[in-house]
Each structure stands twice: as structure tokens, then as C-alpha cells.
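Participant: Structure for the following, please:
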Amino acid sequence: MTACYLARAGLKVLVLERRHIVGGACVTEEIFPGFKVSTAAYVTSLFRREIIHDFRLRDYGFVVLERNPSSFTPYLDGRSLLLGPDSELNHREISRFSVRDADAYPRYQATLGRIAAVLEPLMVTTPPNLLRPRLNDVGKLLRLGGAFAKLGLDAPAAIEIITGSARRILDRWFESEQLKATLATDAVIGAMASPSMPGTAYVLFHHVMGETSGKRGAWGYVQGGMGALTHALAQAAQGMGVTIRCEAEVVKILVKKGRATGVALAGGEELCAPIVASNADANVTFNRLLDPQQLPPMFLEALRKIDYSSASLKINVAIAELPNFTACPGVQPGPQHRGTIHICPSLEYIERAFDDARHGRPSEAPLLECTIPSVIDPTVAPAHAHLMSMFVQYAPYKLNGVHWDQLRENFADRCFDVLNDYAPNFKRSVLARQILTPLDLERTFSLTGGNIFQGAMTLNQLFSFRPVPGFADYRTPLKGLYLCGAAAHPGGGVTGAPGYNAAREILARA
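Facilitator: Numbers count the residues shown, from 1 in each chain. Purely as a prediction, here's the structure:
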């Protein structure tokens, strides 16, 4: 992303990728013969509209396919809950559990939409420096306060949005456990947290700041898999003269007299440049690629405090037929197969699952979010087969008395057993599977601790505090060295925003 904007401004740009394929954790790979697997990231909504427009990404094959309905939650008692952009469907489905909640849901969505409209512009704003504020930094904070005031939110209400728990907000709006649990998944996705923990309210709002087909908060599939997005970006970059080298692992950032002067590759090659932008996380950038003696002690101390806690595990599954849910029977593509399939019957279920992780063990009854993109995009699987993505919580990076390489298969079996309780044909339909434990996410994508956001999305690691206070403007203590990935504001998700913002700051100083 940064390369595109720098090249458009006339700079000569080289992109170095450690793996055989560009895209980081947003890639499509043929893990199983004939299947186009979105190996890590698997759905889109938050990617910035202005980026799509600026580089005509649709001309390079970037297409987003809307999911309608967007979610399906089955229950063991034979009931189920479908939710999506259709307001009549939502009211009918929620009324099965609570007419009061069905009436309240449109107001809840409208409130989330108004809050998201305030927070979304911040994604492409350089955060103010709270340690050394300038006049325009004070102005940013005043404008933010004014925007919340226009929503009718006083200071306590605004603070709760940013610091509070998702469970408290959901309990205030709804009475149905089924609805609350389904909505709460957005608050804990990728986080080492339960819905009752402070800070999960913001994560809930973070996931409604995007859109698909003009619908706020809707998520979609990228046609051809998530790698079609980064492939389109790569083509746009190359069309502007950017050079991209794969299997070119950077092992060291070169520094001379307090300034980054280039990088060294694993084979010994050194490449010189006056500007170096890293989209690796802060731990990799500063602790692995630099000598700590080149950085100020206070900065190093702040780095040590970054929380990379993670409890996410991904299983990619090739299946011979679609899940036949007891609550909604059928192996032909239906509304129950189009969106995210939530296996989380109640908030207490999620809390218990997290409690296991808090004690260093994978959830006995894990929270599952399953998607089957082949139902909407048949290009990602062979005829008469389907592709499933299973995102699992909680699977803590740090285990108590056991190693993930020993536990991976047994835990994947446990996840399959859980889904099989709801769709009894699932296990026998499995053709192949790929398991990505938190340790595998770290090994494959250099995500410290397996954290998919390059650092927890908690209040002390957001906005002006990301990656550390005083350096939220994409700069680092070394001149010429910048962060341009999710380690910087606005954090995780396939948004393009960190790279967009970093390029703006680089060009302002170039």
C-alpha cells in the first residue's frame, strides 16, 4: 500500500517479501489441489474505498461478493438465527427469541452506524502526539470531542465506547442470550479477551466501520480469495514502476549515525535507500532487525510493554459436501451457508471458553466462526466440493505444560467434534485440512505471539498509543525508518489504512 502511494508521487520503490508470494497474511494459496485457500485473512469490509478508487483496483480484478444473509447461528435445540442486511428477515428471526429485541435491533444498528461514522475518519488520520502535542494535535482532539457531542454522547458515554466492555453494552440493549452471543463475536475476534472485559466495546465498533456494496458493517468475500486484493495492489504498484522481489528476507535494517540507510538480506546482499518502511510488527522491526543499542532506552522500555497476547487458531478445510445443520437441514447451498456460521450459543459459553485460555489451555468448548466462500464464489473450489475457513477461539499462544506441535491435531479434532454436534455430516465430509496454530501464525507470517492485529487492540495500544506513545505518526526514533503495517494506527484488519497514512507522512518529510 505504501509502495503504491510513494510510487505515484514519483519515488523509486522496492518491495521485499520474505515469502514466495506477496500479501503477508492476505493471500490466496493452493493448499489443497484445486482449492484457492485464503490462508489467513478470509473476509473483507474495512478496506478503504479511497484506495480502491485511487488505483482502480477493480480494473485489476478486485471484486467483493456480498454475503446475504451475513450470519447464521444454529442451536442444539433445533432453533437458529439468521442476520443480514434484510430488516424484515432480521425482525422475523430475532422475534423467535425476543420480540422486544427484534424491535430494538434496528435502533442498535442505527446507533452503531452513527458511532462508526464518527470513528471511521480517524482510520485515515495521523493520531495526535500526546507527549509533544502541536497546535494541530489539539485541534484533532477538539474535533473528535465535537463529533461525539453531535451524536448526543456525553463524555462518560464516549469513554465507555472506547474503554468499556461489549457485554455491558449488549446487556443494556437486549435480553436474548442468542442474539447477544452472536453480536459479541465481533467484540472478541482475534483478541485474548471475553465480552465482559474492558476494551471489547471498541473492538465491536471497529468491526462495523467498513462496508460491502454500500451497506455499513457488512462483510464480503473477495472473488478468487483474499490474495486477489493484494495481487491487484501488486499489479497497480508494478504498473507505476515498483519493483517487487519475493523470497527476499530482510534480516537487518542498516543504520548509520542514527539514520536508516537500507537493509541487509539473508543471502548477504545489502540494499541502500534513504527511506525504509517496515510493515512487520514492532517486535520484529525493532528487536529482531535492529541492534537495541541503536534505540533510546525509553523507547525500548515502551516496546517491552506491548501486549501480543493471542488466542486465535485457523483451520482451512476442504469438504466434499456442505454442512447439513440439524437446525436448518440441507446440503444444497442455502442461506445458512452464505455468511459466517457462529457456534456460540450464549455469552456464558464464550466466557467459559475464554476462562480455559486464561489458564493456559485451549477451550474445551471453543467458539467457532466458519465461512464457506465457495457457496458464493465457486472459483475457489473444484466442482462438487467446497472450501471452509474455521476461525477458532480460544487457543492461547502460551500453553501450560504442553507445546502446540503436540496438541494441534487433537485440538483440531475437538473443533470438528463441536461443529459435528450441529451438522452431523461434517466430519465425514472432510477431504483435507490445514491447521494454523498461534505458533504457526508466528512462524509463517512473523506475527509475534500469533497476534493477527500485530498487537492487541486495547485502549493502551490504540490511536495515539500505537505502537507506543510519542511515535503514533509512523515515525520511529531512527530518521528515515517508518512503520507502515498494522503495528501502527489504526491497527489490524485488512484496511490498507496504515500504509495509506504512512505514505502521507513519508511524503510530507521527503
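Participant: where in the protein is pLDDT low?
Facilitator: The model of the chain has pLDDT under 70 over residues 135, 137-159, 211, 213, 217.
Participant: longest helix anywhere in it?
Facilitator: The helix that spans the most residues within the chain, counting by DSSP state H, is helix 99-119.
Participant: buried set for it?
Facilitator: By 16 or more other CB atoms under 10 Å, the buried positions in helix 99-119 come out as 101-102, 104-105, 108-109, 112, 115-116, 118-119. Every residue, glycine included, has its C-beta placed from N, CA and C.
Participant: Then stretch 342-351?
Facilitator: Under the neighbour-count criterion of 16+ other CB under 10 Å, stretch 342-351 has 342-345, 347, 349-350 buried.
Participant: Output those as JSON lines; include the columns secondary structure and distance to Arg466.
Facilitator: Converted to JSON lines, the buried residues of stretch 342-351 look like this (DSSP: H, G, I helix; E, B strand; the rest coil; distance: CB to CB, whole Å):
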{"residue": "His342", "secondary structure": "strand", "distance to Arg466": "29"}
{"residue": "Ile343", "secondary structure": "strand", "distance to Arg466": "32"}
{"residue": "Cys344", "secondary structure": "coil", "distance to Arg466": "28"}
{"residue": "Pro345", "secondary structure": "coil", "distance to Arg466": "34"}
{"residue": "Leu347", "secondary structure": "helix", "distance to Arg466": "28"}
{"residue": "Tyr349", "secondary structure": "helix", "distance to Arg466": "31"}
{"residue": "Ile350", "secondary structure": "helix", "distance to Arg466": "26"}
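Participant: For those, which two are the farthest from each other?
Facilitator: Maximum pairwise distance among the buried residues of stretch 342-351 (CB to CB): 13.9 Å, between Ile343 and Leu347.
Participant: I'd like to know how far Lys479 sits from Gly214.
Facilitator: With distances taken as CB to CB, to the nearest Å, Lys479 is found 43 Å from Gly214.
Participant: which of the two has more neighbours?
Facilitator: Lys479 (15 against 9; other CB atoms under 10 Å).
Participant: ok, for that one, nearest residue in space, not its chain neighbours?
Facilitator: Arg259 (4.2 Å; CB to CB, 6 or more residues apart in numbering).
Participant: who's in contact with the one you found?
Facilitator: 478-480 (CB atoms under 8 Å, 6 or more residues apart in numbering).
Participant: so what's it bridging to?
Facilitator: In this entry, Arg259 is beta-bridged to Lys256, Lys479, by DSSP bridges.
Participant: Check the one 4 residues further on too.
Facilitator: Beta-bridge partners of Val263, counted by DSSP bridges, are Ile253, Leu271.
Participant: can you map out the strands along the stretch 351-500 of the chain?
Facilitator: Remark: strands assigned in the stretch 351-500 of the chain by DSSP state E, counting those that start in this stretch are 367-371, 386-393, 430-436, 481-483.
Participant: list the helices and strands the second one packs on?
Facilitator: In this structure, strand 386-393 makes packing contacts with strand 313-319, helix 347-358, strand 367-371, helix 404-422, judged by 3 or more CB pairs under 8 Å, 6 or more residues apart in numbering; DSSP states H and E.
Participant: The last one now?
Facilitator: Contact analysis of strand 481-483 by 3+ CB pairs under 8 Å, 6+ apart lists strand 276-278, helix 497-509 as its packing neighbours.
Participant: neighbours around Leu254, how many?
Facilitator: Neighbours of Leu254 (other CB under 10 Å): 17.
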